[in-house]
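Enquirer: pasting the sequence and the predicted model now:
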Amino acid sequence: SLNTSARYQSAALKATRSMTEFGDDEEILQQLLTIIVEQATARKGVLISICGQRLIMETLVNTTSQGLSVVTIGAVVSPFDIPESLISSCIRTKKMIYVEQILESPYELDSYWQGNYERSILCLPLIAHNKQLGVLYLEFRPQDIDMNEDYTKALKFLAAKAALSLETAQLRKNFSESVSKHSEIERENLVTRTSLNLGEKICKTGSWHWNLASNIVTCSVEMCRIFGIDSKNNQRTFQSVAAFFHPEDQQSVMEKITKAVTDQKTFDVDHRIILRDGSSLYLNGQGCPVIGKDSVVDYVGTVSDITSRRAAEDALRIAQEDLARVSRINTVGQLTSSIAHEINQPLMSIVSNAAAGLRWLKREKPNLEEAMTSMQAIANEGQRAGQIVENIRNLTRNVKPSFTRVNLYNNVEHVLTIVRSEAVHKNVTIKLHI
């Protein structure tokens, strides 16, 4: 049995050497499982890792007529790969299970056997630092296994080495995944910050975070650009930020912000700031409280450059004022023209009747009756002129219009009275038939 003991010690040395010579975890697990299958004279060996609620077949070694076939699987085990009932029992008890005869064993009903019971099974839990990491599954032909104390110790030693290698592989995998996830998060954060900075630049809107406990305001890149401060020095006291406020706006802005913080409310203020070069900008500042467990712990908000908008609003207001002034001038001009036209008619009629009356009086034998008719017409036209002025006053006082009957014959008479002098001067005879 000295040869057997020496063979087991050689296997242990080879296993230890493989863990130091091979740098790749996959190669280490393949080498270890190969050594175990060789020394155990097994027909099949499977290294299974526990990943949460799943069992992963890491490495598979089969003994063939050409030698050992080693394959890295890395897939979830199926009922066709291993006897699940046996593996579950090993994981549950955390003890080595040896089944010399499958028939009449607790596992004979497992679908994995498919009627082939001519095999012996050895299943060892892989435990490192009191944590179960996986299972080592070995299959033998019944005549190839000799379960003695040295054999069992050697297999447990090799299983412990496999457990350590599996633990190292899992730790490296977790670390690699953590680094990869951290790198992905960093990349996403960089993309988010770049997108945010670009959006703020296009909108001319910066963002800020005010820590009430330390009284420090952290400014975004765009806010630093708006205020003309170095973005590398983006953490400033609230007082240093408030120092930019226009002297005429500072008191009212501070009162609104102080009241909002006291009442734990949002605020929205328009104000001006004075830059270091003496120029000024119109800004809109908005803030929102961040509520902690008991009270407000921070404020976050935005600051927008609305100088262009205010300039556009001022230009629009001036244009509207100019338009209103021009509209008033046009209205006055139209009203003046209308008033002149309305007043001119009775005045022309008065002049025409006065001329007619003078002609009747200048005859060798004055016709007093016709002259009196002309005087009466002058009086009527004077009254009509007065009525026109009264109607215009009613129009400016927004008095409701009144509807009256109109004598068209009188209107025609008025027109003829106005044109009579011109008709006589042109030797034109007018005959009226109504």
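Expert: Structure's in. What do you need?
Enquirer: and the residue nearest the centre of the chain, what's its pLDDT?
Expert: Note on the chain: the residue nearest the mean C-alpha position is Leu196, at 9.5 Å, using C-alpha atoms, centre = their mean. Per-residue pLDDT puts Leu196 at 74.
Enquirer: so is it in a helix, a strand, or just coil?
Expert: Classification of Leu196 using DSSP: H, G, I helix; E, B strand; the rest coil returns helix.
Enquirer: find the residue closest to Lys201 in space, skipping its chain neighbours.
Expert: Closest residue in space to Lys201, ignoring its immediate chain neighbours: Glu222 at 5.5 Å, by C-beta to C-beta, 6 or more residues apart in numbering. All C-beta spots, glycine's among them, are computed from the backbone N, C-alpha and C.
Enquirer: the strand or helix carrying Gln286 packs against which elements?
Expert: According to DSSP states H and E, Gln286 maps onto strand 280-291. Applying 3 or more C-beta pairs under 8 Å, 6 or more residues apart in numbering; DSSP states H and E, one finds that strand 280-291 contacts helix 247-263, strand 267-274, strand 296-305, helix 307-362.
Enquirer: can you add distance to Ser207 and mean pLDDT and give these back as CSV?
Expert: As requested, the helices and strands packed on strand 280-291 are exported to CSV (distance: least, C-beta to C-beta, whole Å; pLDDT from 0 to 100):
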stretch, distance to Ser207, mean pLDDT
helix 247-263, 16, 92
strand 267-274, 15, 93
strand 296-305, 5, 88
helix 307-362, 18, 80
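Enquirer: relative to Gly115, which of those is closest?
Expert: For the helices and strands packed on strand 280-291, the distance to Gly115 is smallest for strand 296-305, at 70.1 Å, taking C-beta to C-beta.
Enquirer: now that closest one: buried residues?
Expert: Neighbour-count burial for strand 296-305, counted by 16 or more other C-beta atoms under 10 Å, picks out 296, 299, 301-305.
Enquirer: export those residues as TSV, with columns for distance to Arg328.
Expert: Below are the buried residues of strand 296-305 laid out as TSV (distance: C-beta to C-beta, whole Å):
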residue	distance to Arg328
Val296	53
Tyr299	49
Gly301	44
Thr302	42
Val303	41
Ser304	37
Asp305	36
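Enquirer: please name whichever of the helices and strands packed on strand 280-291 is nearest to Thr429.
Expert: Smallest distance to Thr429 across those (C-beta to C-beta): 15.4 Å, for helix 307-362.
Enquirer: how far does the closest one sit from the chain's center?
Expert: Offset of helix 307-362 from its chain centre (C-alpha atoms, centre = their mean, to the nearest Å): 58 Å.
Enquirer: could you give the angle of it to strand 280-291?
Expert: 120 degrees (axes from the mean of the first three to the mean of the last three C-alpha atoms, to 10 degrees).
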